[in-house]
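Asks: quick check, what structure comes out for this input:
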Amino acid sequence: MGIISWIILGLLAGAIAKFLLPGRDPGGFIGTTLIGVAGAFIGGWISSRWLDHPIAKDFYDGTTWAAAIGGSLVLLVAYRILFGNSRN
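Replies: Here you go, the predicted model:
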């Protein structure tokens, strides 16, 4: 997969992560999608580096999607913990 595919996957993973963790986010829609892109990269890197499960070159691979969504969820939770009270 190329960089454009990871960005598209990250945008979709960010939207899915936002759906799974509803509520007010400090960054809004743009922040959530950027977290999704970063989560896709980080989730894919962790999956291939430490979990010894290389990411497939196919966009529709379930493991690739799980890694991207998992990375997005982790980053979204961390973002809410660090910056959650800034919108009060």
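
Asks: what comes into contact with the worst-scoring helix or strand of the chain on mean pLDDT?
Replies: Here the helix or strand of the chain ranked lowest by mean pLDDT, DSSP states H and E is helix 28-49, holding a mean of 78. Residues outside helix 28-49 that contact it (C-beta atoms under 8 Å, 6 or more residues apart in numbering): 6-7, 9-18, 25, 27, 53-55, 63-64, 67-76, 79. (Glycine included, C-beta is placed from N, CA and C.)

Asks: just the element for the residue sitting nearest the centre point of the chain, please.
Replies: Closest residue to the average C-alpha location of the chain: residue 72 at 2.3 Å, with C-alpha atoms, centre = their mean. Assigned by DSSP states H and E, residue 72 belongs to helix 62-83.

Asks: what is that helix packed up against?
Replies: Here helix 62-83 touches helix 3-20, helix 28-49, going by 3 or more C-beta pairs under 8 Å, 6 or more residues apart in numbering; DSSP states H and E.

Asks: buried residues in that helix?
Replies: 63-65, 67-76, 79-80 (16 or more other C-beta atoms under 10 Å).

Asks: circling back: make JSON lines from the helices and strands packed on helix 62-83 and add mean neighbour count to it.
Replies: What follows is the helices and strands packed on helix 62-83, written out as JSON lines (neighbours: other C-beta atoms under 10 Å):
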{"stretch": "helix 3-20", "mean neighbour count": "18"}
{"stretch": "helix 28-49", "mean neighbour count": "19"}
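
Asks: where does pLDDT dip in the chain?
Replies: For the chain, the stretches flagged by pLDDT under 70 are 1-2, 25-27, 52-59, 84-88.
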